[in-house]
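In: build the 3D model from these lines:
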Amino acid sequence: MSAAAALEQLWALRGPKLIDEPGLVFLWLESHWRSHYARGRYQCTAGCRRCCDGSTLGDDVRRCQLRQTYWDAHAPRVRRLLASHNVVVACDAKDPETMWGFACFGEGAIHYALVKRRFQLDGFGAEILAAMLHPVLDKPCVLSHELPDTRRMGFKVPEAWKLDPYSIGDV
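Out: Residues are numbered from 1 along each chain as shown. A predicted model of the protein is given here:
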């Protein structure tokens, strides 16, 4: 058995389940909160930099008004995107309830895709990301959000994909 075949036996792809929604929203918003784009846009003035730089998920995060404003503004949009677009979940092959990552995309648009850091570090994040995005991998697409950690995973973003964070409009 090849190494690639052995890796594929560890994870599987599936569609989203209703029970996944809170986890998908959390993964999306927490990951985006730490992104270069969000850091430049949301400047903390409350002196709680520990929460705003993503270094802790403790009490400072729960009290941060800036973070709460971000969640209040973005969570409804994320829920609408998840409900109205294709969602693919990467999961543990033996325990499909354990999410390893997800992708949300539609015709000509990729809204978000991520692989949890633990699985990126295990060295097969790029393969999982490519498998989740297979339907749009060779098509021109607009990225409505930065795709986190693509360089770290060794995933080469196709040149036909262009970042436009304003493309989702009033979703």
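
In: CA only for contacts and neighbour counts going forward, please
Out: Fine.

In: on the three-state scheme, residue 88 is what?
Out: strand (DSSP: H, G, I helix; E, B strand; the rest coil).

In: can you get me a residue count around it?
Out: When neighbours are defined as other Cα atoms under 10 Å, residue 88 has 19 of them.

In: hey, what's it bridged with?
Out: Using DSSP bridges, the beta-bridge partners of residue 88 come out as residue 103.

In: isn't it up against residue 13?
Out: Yes. With contact defined as Cα atoms under 8 Å, residue 88 reaches residue 13; the gap is 6.6 Å.

In: list residues touching both of the two?
Out: residue 132 (Cα atoms under 8 Å, 6 or more residues apart in numbering).

In: quick one: low-confidence ranges for this structure?
Out: When the per-residue scores of the chain are filtered using pLDDT under 70, the ranges that remain are 1-8, 36, 39-63, 169-171.

In: could you pull out the helices in this structure for me?
Out: Using DSSP state H, the helices of the chain run over 3-8, 21-33, 36-41, 49-52, 59-63, 65-84, 117-121, 125-132, 150-153.

In: please compute how far the last one lies from its chain's middle.
Out: What it means is helix 150-153. Computed by Cα atoms, centre = their mean, to the nearest Å, the chain-centroid distance of helix 150-153 equals 13 Å.
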